[in-house]
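# I would like to see how this sequence folds:
(2 chains)
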Amino acid sequence: MSALSGCRVLDLGIVTAGAGAAAVLADLGAEVIKVESPTYRDPFRQWSADTRIDADAPVPPFFRATNRNKAGISVDLKSADGREIFLRLVEKSDFVIENFRRGVMVKLGLGYDVLRSRNAGIILASVASQGETGPDAHYVSFGSTLDAASGLAWLTGYPGEEPMVTGVDLNYPDQVTTIFAASLMMSALLARRAGKGGAHLDISQRELASYLIGEQFLAEPGAGSTRQGNRQAPYVLQDCFRCNDGVWLAASVRDDQRTALGRLVGEVAPTAAGLAGWCAERTSAQAMVALQSVGVASAPSLGGAAVLATRGLGWQDALLPMADGAFVKGFPFQLEHQPLEIRRDAPKLGNDTRDILARIAGYAGTEIDALIASGVVEQRSSGSDHMSASE
Amino acid sequence: MQRPLSGLSIVETASDDCPPAVRLALAFAGRLAADLGAAVTVIETENDATFADLPPMIGGTSAVRGFLMAGKTICRVPAAARRATAERAAANSRALLTDADDPSARNAASRGIRGLVSLAGGGHPAGQSNSEFTLMALGGLLDLLGDPAREPLKIAGSQLAYTAGMALFTGLVAAMLGKERETVRVNLLETAVWLNWKSVAAPSWGVPVPVRQGKAAEWQVIRCADGYLALVYRDPDWATLKALVADPVLEEPRFQKRIERKQHAGEVAAIVEKALMRYTRAQVRDIALARRLPIGPVWNLAELAQEPHSVARGMLQPVPGFDRPAPRLPVLWNGGALAPDAALPEPAQAAVAGGA
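Below you'll find the predicted structure:
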């Protein structure tokens, strides 16, 4: 039995923030139904300009990593029949999550008031770059746009130099929104179980990025609001230092370690320049052993491949291998008595349409046949498939 | 009506040797719970107030302490009494949040929910000293930011610790929906790898592993008339961006397909910067909004306090003991903000059922 067994999520989420939040709930045992459309697919299915996206196309890595543990249906929400299918599913669900451009849900006739009219307790999570309201609500934004808009970029960068964004490969605001949105959805469920009704959650990624540097807003402008590089209290010295094997060694020195470090590097009062020169004369392994011997926190700055090679040496569940060896997103936390697990692979397009329409929405077989024939829904012709995770 | 977690009591504490990054994670989880209405009690020792000396300092008070302890009840006890006090409080609460090495967590194992945080998980070399920064290094996060010829950079603030705190809170809420008794485990190294999933999983997909590219990055900061912009665009935006910039160089064949354009990203950025240098950030914001381009102005924190979108959404709220406001919990619940001690906003009455 899992923490969210018996719960159901209609997942209109796409890319990372919306789809990722739904995946957290799926990992906790909720039945998550990923809803795509014959006319609109999750952009993560587009791996390259040449990617084929049809019912039997292979599932690209980003989509697979984000959407495992979900069932998949394809319904044309722009049609009256498709809209009715979705609303019948809403009647039997606990959550709807979406991160479309603002206005899309209302334009589809699926705004919160409509959902609530079919299920008074429904919890709608609208995960928006800049929020549902405000003059920038329709601002097209990706993670690094929000780095800039939130103040995070203003504080990030080399000391005295220009601001920096976290870039397309990390897209930091999207990653953190995944966890935050999932936590709010579950908080809303707790509230509903306590008799406080359903809810519409207007979750702003930009505001989350600002919240994550919240204490800086309390400071006077110009004091703590300029770029500090790698400096960070309570450490008197913190930075990366290049060793003679080309590896950058990260080190964090406490005030009570100054004397011991000074003896190590040959300076009465150790400086960043002194430590840099000392590291440059040693391999990263030699430098790290010496620094660790005096208790100084130190570690090499690893690239992705090197990190993967350390699985089992301090981390295990953050990424998990599927049966074919490809890794998918794992879990940022674990429960001892109701452990999170990967139970199925990411769905191909329309993988479970017939099953979901029959089992949950109550459509007869002949009705589903007609919906498929008319193009309102898509069902993967070679049937459902499940690939389980490897150990 | 009360806030979502009203009625739930949570104890937040830490052992004497709790690493700073773990303490930050615990406090961030407690802050989230408090914002959502839980009664969070912090058990700390009399002569060692949590984060008391952690900058930035405002008039002798730590802004970190002010921000992370907002909405909580602080219970200060002699050092020798901390553990017993925490155990007693936990026995009467729904959950205990502490570091994995805290002895008070052991007795709490038989009652309620425990949320335990550590720096790293099983298999990590015993006795190895770590900080939030070194764990970011081990998780690959430093390798993604900065100039490739210079030291790798961290994201500003305490992002890894705060994200771990958010993971802890998420696990805590899940546990509250499940069984009566549960232990939630989070470690910062696991969190770092989870954030960096694209890079770490890349070898298993047979694709190149991303590395930091500095001024050769596809998305980067460029200058404008009164500050900086984040140059952000996807392949479908390329035609619109070219039209805005109106430089014939961008029509050259080497810029038309993304895979080649990425190899010339620095050159693209320089051309775009030259074209946008005549505009202020506010002007670029208007242009980007109108043309649906994801280019974003880089605002500083003082500007954000006055910026129209922040103001319209009431992004900032007062923090006791401080003159300046700080960001509120980043959600509008049924259209309203969740301020401490405020009622849970009710959904507006539906005017008409049915679609647009």
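
# now the residue lying closest to A:Asp245 once chain neighbours are set aside: how far from A:Val165?
The spatially closest residue to A:Asp245, leaving aside those adjacent along the chain, is A:Thr283, at 4.5 Å (Cβ to Cβ, 6 or more residues apart in numbering or on different chains). Quick note: C-beta positions are derived from backbone N, CA and C, even for glycine. Per Cβ to Cβ, to the nearest Å, A:Thr283 is found 33 Å from A:Val165.

# Looking at those two, which is more packed in?
Set A:Thr283 next to A:Val165 and count neighbours by other Cβ atoms under 10 Å in any protein chain shown: A:Val165 wins out with 32 against 15.

# residues contacting the more buried one?
With Cβ atoms under 8 Å, 6 or more residues apart in numbering or on different chains as the criterion, the residues that contact A:Val165 are A:143-144, A:147-148, A:153, A:156, B:219-221, B:230, B:232.

# so which pair among these is furthest apart in space?
Of all pairs drawn from those, the one with the largest separation by Cβ to Cβ is A:Thr156 and B:Val232; the distance is 15.0 Å.

# returning to that earlier point: the residue nearest to A:Asp245 reaches A:Arg242, doesn't it?
No: using Cβ atoms under 8 Å, A:Thr283 and A:Arg242 do not qualify as a contacting pair, with a distance of 11.2 Å.

# Out of the helices and strands in chain A, which is least certain?
Taking mean pLDDT, DSSP states H and E as the measure, the helices and strands of chain A show their lowest mean at helix A:167-170, namely a mean of 92.

# now what about that one, what contacts it?
A:142-144, B:141, B:144-145, B:195-196, B:198-199, B:210, B:212-213, B:217-220.

# Find the nearest non-adjacent residue to A:Gly262, please.
When the adjacent residues along the chain are set aside, A:Gly262 lies closest to A:Pro270, with 4.6 Å between them (Cβ to Cβ, 6+ apart).

# Please, which helix or strand holds A:Val32?
Element membership of A:Val32 [criterion: DSSP states H and E] is strand A:31-36.

# Does anything pack onto that strand? Which helices or strands?
In terms of contacts (3 or more Cβ pairs under 8 Å, 6 or more residues apart in numbering or on different chains; DSSP states H and E), strand A:31-36 is packed against strand A:8-11, helix A:17-27, strand A:71-75.

# what about the strands in chain A?
Taking DSSP state E as the criterion, chain A contains strands spanning A:8-11, A:31-36, A:71-75, A:95-98, A:123-128, A:199-204, A:237-242, A:248-253, A:297-300, A:319-321, A:327-329, A:334-335, A:377-378.

# Let's have these in CSV, adding mean pLDDT.
Below are the strands of chain A laid out as CSV (pLDDT from 0 to 100):
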stretch, mean pLDDT
strand A:8-11, 98
strand A:31-36, 98
strand A:71-75, 97
strand A:95-98, 98
strand A:123-128, 98
strand A:199-204, 98
strand A:237-242, 98
strand A:248-253, 98
strand A:297-300, 98
strand A:319-321, 98
strand A:327-329, 97
strand A:334-335, 98
strand A:377-378, 96
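
# Arrange those in JSON lines, one row each, with mean neighbour count as further columns.
Below are those laid out as JSON lines (neighbours: other Cβ atoms under 10 Å in any protein chain shown):
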{"stretch": "strand A:8-11", "mean neighbour count": "25"}
{"stretch": "strand A:31-36", "mean neighbour count": "26"}
{"stretch": "strand A:71-75", "mean neighbour count": "26"}
{"stretch": "strand A:95-98", "mean neighbour count": "26"}
{"stretch": "strand A:123-128", "mean neighbour count": "28"}
{"stretch": "strand A:199-204", "mean neighbour count": "26"}
{"stretch": "strand A:237-242", "mean neighbour count": "23"}
{"stretch": "strand A:248-253", "mean neighbour count": "26"}
{"stretch": "strand A:297-300", "mean neighbour count": "26"}
{"stretch": "strand A:319-321", "mean neighbour count": "21"}
{"stretch": "strand A:327-329", "mean neighbour count": "24"}
{"stretch": "strand A:334-335", "mean neighbour count": "22"}
{"stretch": "strand A:377-378", "mean neighbour count": "24"}
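
# looking at those strands, which is closest to A:Ala65?
Nearest of the strands of chain A to A:Ala65, taken as Cβ to Cβ: strand A:327-329 at 4.4 Å.

# I'd like to know which of the helices and strands packed on strand A:31-36 is closest to chain B.
When the helices and strands packed on strand A:31-36 are compared for distance to chain B using Cβ to the nearest Cβ, the nearest one is helix A:17-27, at 6.8 Å.

# any residue of the closest one up close to chain B?
Yes: counting by Cβ under 8 Å from any Cβ of the partner chain, chain B is contacted by helix A:17-27 at A:Val24.

# What is that helix packed up against?
When contacts are defined as 3+ Cβ pairs under 8 Å, 6+ apart, helix A:17-27 packs onto strand A:8-11, strand A:31-36, helix A:61-67, strand A:95-98, strand A:123-128, helix A:172-191.

# how about the ones you listed in TSV, adding distance to A:Arg344?
As requested, the helices and strands packed on helix A:17-27 are arranged in TSV below (distance: least, Cβ to Cβ, whole Å):
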stretch	distance to A:Arg344
strand A:8-11	14
strand A:31-36	10
helix A:61-67	10
strand A:95-98	19
strand A:123-128	23
helix A:172-191	19
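
# Quick check: which of those is nearest to B:Ile271?
helix A:172-191 (26.7 Å).

# Please name every helix or strand in contact with that closest one.
Helices and strands touching helix A:172-191, as assessed by 3+ Cβ pairs under 8 Å, 6+ apart, comprise helix A:17-27, strand A:95-98, strand A:123-128, helix A:143-150, strand A:199-204, helix A:205-211, helix B:159-177, helix B:188-195.

# let's see it at 7 Å
When contacts are defined as 3 or more Cβ pairs under 7 Å, 6 or more residues apart in numbering or on different chains; DSSP states H and E, helix A:172-191 packs onto helix A:17-27, strand A:123-128, helix A:143-150, strand A:199-204, helix A:205-211, helix B:159-177.

# Export those as CSV, with columns for distance to A:Arg227.
Written out in CSV, the entries for these read as follows (distance: least, Cβ to Cβ, whole Å):
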stretch, distance to A:Arg227
helix A:17-27, 26
strand A:123-128, 28
helix A:143-150, 13
strand A:199-204, 24
helix A:205-211, 16
helix B:159-177, 15
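
# just these: most buried one?
With neighbours taken as mean count of other Cβ atoms under 10 Å in any protein chain shown, these reach their highest mean count in helix A:143-150, at a mean of 31.

# With that, I have no additional questions.
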